[in-house]
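Visitor: From the sequence below, what's the structure:
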Amino acid sequence: MRWDKLFDDLESQLEREITADDLELDAEEERLRLGRLSIRDRIVALHARSTAAAPLTLAVVLITGSRVTVRPVIIGRDWMSADIVDESGRPAQCIIPFAALAGISLGASHIAPSLATTAENGHPTLSQRLSVSYVLRDLCRRRRAVSLLLMAGEVYGTIDRVGRDHVDIAVHERGAVRRETAVSEYRLVPFSSLALVRL
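Guide: Next comes the predicted model:
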């Protein structure tokens, strides 16, 4: 009888140790997983739970100190395109490089979903592989007038060229067509000073 009690005791002690080891291993794996998450991963996880009825809305703080409320539409490799949500109700789109984010304000209900792992099925989509320079080149090809929010103010004009780490913008009045006579200056803008591209 005493032997049975001893073996039961040993068995329960062994079970507790195995359970503790498993819990410790699970906790370490979770810490490693969280350590590999990027800000892009967190935005993608939130965006994956977004629906047409309840779209994801983020309060984004840019490196300029500006605060913008946006609804992400496309999430690229190092950028996102979004609809700007403001009081005017006027539809506006923008492109935000992730390097220009100083922070994202989240409610308590967004924290756990942002930490979830999302399966970006096997091969990434084209937009997930494209960098911000490709998106800017597309705007350049379309000759689309844009407003660039920079570390040192705002510039309005048409993107003439996109280099590896900068854009050339022909600065002109808002609403004016890009013509040589309308251009007041040509400015080279490094990507590192680019906070937001408003379309």
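
Visitor: longest helix in the chain, by residue count?
Guide: If you go by DSSP state H, the chain has its longest helix at helix 2-36.

Visitor: buried stuff in whatever helix or strand comes next after that helix?
Guide: Later in the chain than helix 2-36, the nearest helix or strand by DSSP states H and E is helix 39-48. Using 16 or more other CB atoms under 10 Å as the test for burial, helix 39-48 gives 40-47. Glycine gets a C-beta too; all of them are placed from N, C-alpha and C.

Visitor: which regions of the chain sit below the pLDDT cut-off?
Guide: Residue ranges of the chain with pLDDT under 70: 1-3, 6-7, 10, 22, 118-123.

Visitor: Go again with 50.
Guide: 121 (pLDDT under 50).

Visitor: What ranges does it have for its helices?
Guide: Going by DSSP H, the chain shows helices at 2-36, 39-48, 108-114, 126-129, 132-142.

Visitor: Just put the ones you listed in TSV and tack on distance to Asp78.
Guide: Shown next, in TSV, are the helices of the chain (distance: least, CB to CB, whole Å):
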stretch	distance to Asp78
helix 2-36	17
helix 39-48	7
helix 108-114	18
helix 126-129	11
helix 132-142	5
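
Visitor: Indicate which one of those is closest to Val61.
Guide: Among the helices of the chain, helix 39-48 comes nearest to Val61, with 12.3 Å by CB to CB.

Visitor: got the CA coordinates for the closest one in PDB?
Guide: What follows is helix 39-48, C-alpha atoms only, in PDB (Å, rounded to 0.1, in the frame of the first residue of the first chain):
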ATOM      1  CA  ILE A  39       5.500  46.700 -37.300                       C
ATOM      2  CA  ARG A  40       4.400  45.600 -40.800                       C
ATOM      3  CA  ASP A  41       3.400  42.200 -39.300                       C
ATOM      4  CA  ARG A  42       1.300  43.900 -36.600                       C
ATOM      5  CA  ILE A  43      -0.500  46.000 -39.200                       C
ATOM      6  CA  VAL A  44      -1.100  43.000 -41.500                       C
ATOM      7  CA  ALA A  45      -2.600  41.000 -38.500                       C
ATOM      8  CA  LEU A  46      -5.000  43.900 -37.700                       C
ATOM      9  CA  HIS A  47      -5.800  44.400 -41.400                       C
ATOM     10  CA  ALA A  48      -6.600  40.700 -41.800                       C
END
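
Visitor: for it, packing partners?
Guide: In this structure, helix 39-48 makes packing contacts with strand 67-75, strand 101-105, helix 108-114, judged by 3 or more CB pairs under 8 Å, 6 or more residues apart in numbering; DSSP states H and E.

Visitor: if we go to 6 Å?
Guide: Packed against helix 39-48 by the contact rule (3 or more CB pairs under 6 Å, 6 or more residues apart in numbering; DSSP states H and E) you find strand 67-75, helix 108-114.

Visitor: so what's Glu185 bridging to?
Guide: Here Glu185 shows beta-bridge partners Val171, assigned using DSSP bridges.
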